[in-house]
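**Q** The following comprises the amino acid sequence and a computationally predicted model.
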Amino acid sequence: VIVESEHPVLIDSFLNNAIEVDVDALADGEGNVVIGGIMEHIEQAGVHSGDSACSLPTVSIPYEAMVTIRKWTADLARKLKVVGLMNIQWAVQNSDVYILEANPRASRTVPFVSKAIGHPLAKLASLVMSGKTLAEVGLTSEVIPKHVSVK
């Protein structure tokens, strides 16, 4: 195997005892980012998000990890110049946060998150993608419900 900058080698490992976290966020053309929802997978990391059970809001993720997830989500949306929805999957092991994947598009979790927070994220995203700002569509901060929703 040739290992050089033109032929990199990716080495990964399984994160034992990690919890997966899904984030759906919405960004506008002015660099504003609002988290639609942060879902905690009930199973350990490694179960596909389409097959896992999730709770919103999270119940066991350490505060420090949540601060990191919120900050890195907004930073990533801005760096990727996302306008509309973005889904990021994270893994949290103790208080360490790892990014698993980021998709600058809607995900299958958007309908669940929309119901849980009481805001139609897909509709808001289409308005933002047509040039409206998050302020103009009435979504300026993360909604953290007082109830727990489970998917």
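**A** Right, received. Where do you want to start? Residues are numbered from 1 along each chain as shown.

**Q** for the record, mean pLDDT for stretch 33-53?
**A** Stretch 33-53 comes out with an average pLDDT of 83.

**Q** same deal with stretch 138-146?
**A** For stretch 138-146, mean pLDDT is 96.

**Q** How about stretch 4-24?
**A** Taken as a whole, stretch 4-24 has a mean pLDDT of 82.

**Q** One more: stretch 81-93?
**A** For stretch 81-93, the per-residue pLDDT averages 96.

**Q** Spatially central residue for this structure, please.
**A** The centroid of the chain falls nearest to V23 when counting by Cα atoms, centre = their mean (1.8 Å).

**Q** so M86 makes contact with A25?
**A** Yes: with contacts counted by Cβ atoms under 8 Å, M86 reaches A25, the gap being 5.0 Å. Quick note: C-beta positions are derived from backbone N, CA and C, even for glycine.

**Q** Residues that sit against both of those two, list them.
**A** Contact criterion Cβ atoms under 8 Å, 6 or more residues apart in numbering; residues shared by M86 and A25: 73, 77.

**Q** ok, I88 - contacts?
**A** Counting by Cβ under 8 Å, 6+ apart, I88 has contacts 22-23, 25, 72-73, 76, 99, 101-103.

**Q** ok, which stretches of this structure are strands?
**A** Ranges of strands within the chain are 19-27, 33-44, 54-56, 84-93, 96-103, 149-150, based on DSSP state E.

**Q** residues touching the closest residue to R105 other than its chain neighbours, list them.
**A** Leaving aside its sequence neighbours, R105 sits nearest to L85 (Cβ to Cβ, 6 or more residues apart in numbering; 6.3 Å). When contacts are counted by Cβ under 8 Å, 6+ apart, L85 touches 24-26, 36, 105-107, 110, 121-122, 125.
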